[in-house]
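Student: this one's structure only:
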């Protein structure tokens with residue numbers, strides 16, 4: 001879906017008059033990420049509809065929130081603020097947590113006081129028509145919607161009284177939009193919703209073992225340690241199998257890339273993985289964070305790389 005399509009979806013939010021609101025609690029329990037949902041009923045007529053109208057305008061007006069984004073692209077672990085990151089629901093990054101989230105939303109808690117829910121997110125759910133096609137839309141905001149106003153008083157007929165409890169406050173921004181079976185991350189708060197850190201650490205471990213099995217690094221234990229440290233696990237989301245295969249099969253290419261990107265080699269011609277800085281260079285190269293400037297042929301470090309448009 002292009003940025004223009006995202007704008008089209010936001011421009012039609014107010015066409016839906018049957019929005020539902022749920023509180024969400026996403027947390028880790030005994031090593032497992034779990035979700036709970038709680039339905040919220042707002043009895044003031046059209047209050048949610050009016051909020052959706054304001055939210056739509058906040059994003060679609062000429063200088064609205066959507067104006068800061070330059071493109072929609074596949075999630076690759078980078079964190080560029082002018083991009084909306086797209087993740088298909090079947091992606092290994094979110095398939096497990098996403099399934100649990102949808103199950104919780106389909107089976108919400110109906111009992112108890114909503115004020116007692118330890119909500120750390122909420123979602124607005126609706127359906128719209130885009131080009132005459134029904135589209136399911138879920139708007140996630142990753143923050144507790146409850147507030148407590150200290151030293152704030154409300155009018156009660158003939159005098160002011162302290163507000164007695166928490167109140168529900170919806171924010172005029174979203175962190176994640178789910179359109180049918182695709183999630184769109186408007187910022188990195190979306191990673192928290194899907195517990196993506198756990199997912200890309202798992203990918204990192206798998207790719208490290210794949211690199212080791214291809215015999216291109218000298219010290220297996222050090223590569224495991226250094227390769228999985230710091231920000232490296234996130235980089236493995238954009239791991240390039242073609243680069244690994246080329247490095248393994250083409251000694252000439254391996255030597256050229258080692259010289260170009262400052263990767264130290266052993267006398268046997270494989271990459272030296274006994275040094276953390278050298279491992280970081282290996283990881284950046286294999287995960288497409290290292291490119292070559294076409295003007296001066298110098299190596300450059302990049303946040304993300306995708307096909308030239």
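Tutor: The structure has been received and is ready for your questions. Since the model is a prediction, treat every value here as computed from it, not as a measurement.
Student: got the contact list for stretch 17-33?
Tutor: 34-40, 42, 48-49, 52, 97, 100-101, 104-105, 108, 114, 117-127, 140, 145, 192-193, 195, 198 (Cβ atoms under 8 Å, 6 or more residues apart in numbering). Glycine gets a C-beta too; all of them are placed from N, C-alpha and C.
Student: among the residues you listed, name the ones in helices.
Tutor: Judged by DSSP state H, the subset of the contacts of stretch 17-33 located in helices is 48-49, 52, 97, 100-101, 104-105, 192-193, 198.
Student: follow-up on the earlier one: which among the contacts of stretch 17-33 end up buried?
Tutor: Among the contacts of stretch 17-33, the ones that count as buried by 16 or more other Cβ atoms under 10 Å are 35-38, 40, 48, 52, 97, 100-101, 104-105, 114, 117, 119-126, 140, 145, 193, 195, 198.
Student: so where do the strands sit in the stretch 151-300 of the chain?
Tutor: 153-155, 160-162, 167-168, 176-179, 182-185, 290-292, 299-301 (DSSP state E, counting those that start in this stretch).
Student: with mean neighbour count added, can I get these in TSV?
Tutor: Below are these laid out as TSV (neighbours: other Cβ atoms under 10 Å):
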stretch	mean neighbour count
strand 153-155	10
strand 160-162	10
strand 167-168	15
strand 176-179	21
strand 182-185	20
strand 290-292	17
strand 299-301	13
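Student: now the ones you listed as JSON lines including mean pLDDT and distance to residue 77?
Tutor: Output for the strands of the stretch 151-300 of the chain, formatted as JSON lines (pLDDT from 0 to 100; distance: least, Cβ to Cβ, whole Å):
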{"stretch": "strand 153-155", "mean pLDDT": "83", "distance to residue 77": "47"}
{"stretch": "strand 160-162", "mean pLDDT": "85", "distance to residue 77": "47"}
{"stretch": "strand 167-168", "mean pLDDT": "86", "distance to residue 77": "35"}
{"stretch": "strand 176-179", "mean pLDDT": "96", "distance to residue 77": "16"}
{"stretch": "strand 182-185", "mean pLDDT": "96", "distance to residue 77": "11"}
{"stretch": "strand 290-292", "mean pLDDT": "90", "distance to residue 77": "14"}
{"stretch": "strand 299-301", "mean pLDDT": "88", "distance to residue 77": "14"}
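Student: could you list the domains of this protein?
Tutor: Domain ranges of the chain: 3-194, 199-301, per automatic domain parsing.
Student: so what pLDDT did the spatially most distant residue from the centre of the chain get?
Tutor: Distance from the C-alpha centroid of the chain, by Cα atoms, centre = their mean, peaks at residue 158 (49.5 Å). pLDDT for residue 158: 86.
Student: what of residue 261?
Tutor: Residue 261 carries a pLDDT value of 95.
Student: and if you look at the one 4 residues further on?
Tutor: Here, the pLDDT recorded for residue 265 equals 96.
Student: who's in contact with the closest residue to it other than its chain neighbours?
Tutor: In this structure, residue 265 finds its nearest non-sequential neighbour in residue 258, 5.1 Å apart by Cβ to Cβ, 6 or more residues apart in numbering. For residue 258, the contact set (Cβ under 8 Å, 6+ apart) comprises 264-265, 271.
Student: where does this structure have low pLDDT?
Tutor: 1, 110, 309 (pLDDT under 70).
Student: the helices in it, which residues?
Tutor: Assigned by DSSP H, the helices in the chain fall at 3-11, 47-60, 95-106, 189-193, 196-213, 220-227, 232-235, 241-249, 251-261, 276-286.
Student: would you mind getting the angle between the first one and helix 47-60?
Tutor: Calculated by axes from the mean of the first three to the mean of the last three Cα atoms, to 10 degrees, helix 3-11 forms an angle of 150 degrees with helix 47-60.
Student: do the fifth one as well
Tutor: Per the same axes, to 10 degrees, the angle that helix 196-213 makes with helix 47-60 is 50 degrees.
Student: how about helix 196-213, which residues are buried there?
Tutor: For helix 196-213, by 16+ other Cβ under 10 Å, it's 196, 198-200, 203-204, 207-208, 211-212.
Student: so which of these is the closest to residue 286?
Tutor: In terms of Cβ to Cβ, no member of these lies closer to residue 286 than residue 211, at 6.9 Å.
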